[in-house]
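> fold the following for me, if possible:
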Amino acid sequence: MAGSQDMFEAIVMADERFHGEGYQEGYEKGSSLGMIEGRQYGTLHGAKIGSEIGCYQGFAFAWRCLLHGCTTEKDSKKMKVLESLIGMIQKFPYDDPTYDKLHEDLDRIRGKFKQLCSLLNVHPDFKVSAEGSGLSF
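Numbers count the residues shown, from 1 in each chain. Below you'll find the model as predicted:
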C-alpha cells in the first residue's frame, strides 16, 4: 500500500515540478527576448533623437555663419535665440539614457528651434524615414 501511495505522490509532484520548470524556462526565455527587443527599440529611438538633434545643430551652425556679419537689431535678436539653441543642444545629455528630464529638454530644444524658424521666416519640415532623416524647406 505504501508503494502505491508513493507512486501516486510522485505523479502529483511530477505535475507540480514540470509546471515549475516550465515556468522558469519560459521566464528565462521571455527575459532574454525582452532584453533583445528592448535593446533594438532603444537603439532605434536613440538614433531618431540623435538624428533630430543633429539636424537642429547643423541648421543652427549654418544660420550662425549666415548671420555672422549682420548687425541690425532684428538680427541681434535672431542671434540671441540662435546662440540659446546651440547652447541647449551642446548641454543635451547624449550619453546618459537615464537622464530623467531628457524628454523635457528635447521639447525645449524643439520649441527654441520653432521660435528661431519663426524669426528667420523659414518653414522647415523635419522627417525621419527609412531612407534617412533631415530637414526640408
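> and the one helix or strand Ala14 maps to, how far out from the chain middle?
Per DSSP states H and E, Ala14 falls inside helix 2-67. Its chain's C-alpha centre and that of helix 2-67 lie 17 Å apart, by C-alpha atoms, centre = their mean, to the nearest Å.
> just after it, pick out the following helix or strand.
Next element after helix 2-67 (DSSP H and E): helix 73-91.
> so what touches that next one?
Identification of contacts with helix 73-91 by C-beta atoms under 8 Å, 6 or more residues apart in numbering yields 53, 56-57, 60-61, 63-64, 67, 70, 105, 108-109, 112-113, 115-116, 119-120. Bear in mind the C-beta positions are built from the backbone N, C-alpha and C, glycine included.
> what helices or strands is the helix holding Ala14 leaning on?
helix 73-91, helix 102-120, strand 125-129, strand 132-136 (3 or more C-beta pairs under 8 Å, 6 or more residues apart in numbering; DSSP states H and E).
> now the buried members of the contacts of helix 73-91.
Buried residues within the contacts of helix 73-91, counting neighbours by 16 or more other C-beta atoms under 10 Å: 53, 56-57, 60, 63, 109, 112-113, 116, 119-120.
> any low-confidence regions in this structure?
Along the chain, segments meeting pLDDT under 70 span 1-5, 126-137.
> OK, contacts around Gly50?
Contacts of Gly50 (C-beta under 8 Å, 6+ apart): Tyr94.
> closest one to Gly34 among the helices and strands packed on helix 2-67?
Nearest to Gly34, of all the helices and strands packed on helix 2-67, is helix 102-120, at 21.8 Å by C-beta to C-beta.
> so what's Tyr99 up against?
Tyr99 makes contact with 93, 105 under the criterion C-beta under 8 Å, 6+ apart.
> part of a strand, is it?
No: counting by DSSP: H, G, I helix; E, B strand; the rest coil, one finds Tyr99 to be coil, located in no strand.
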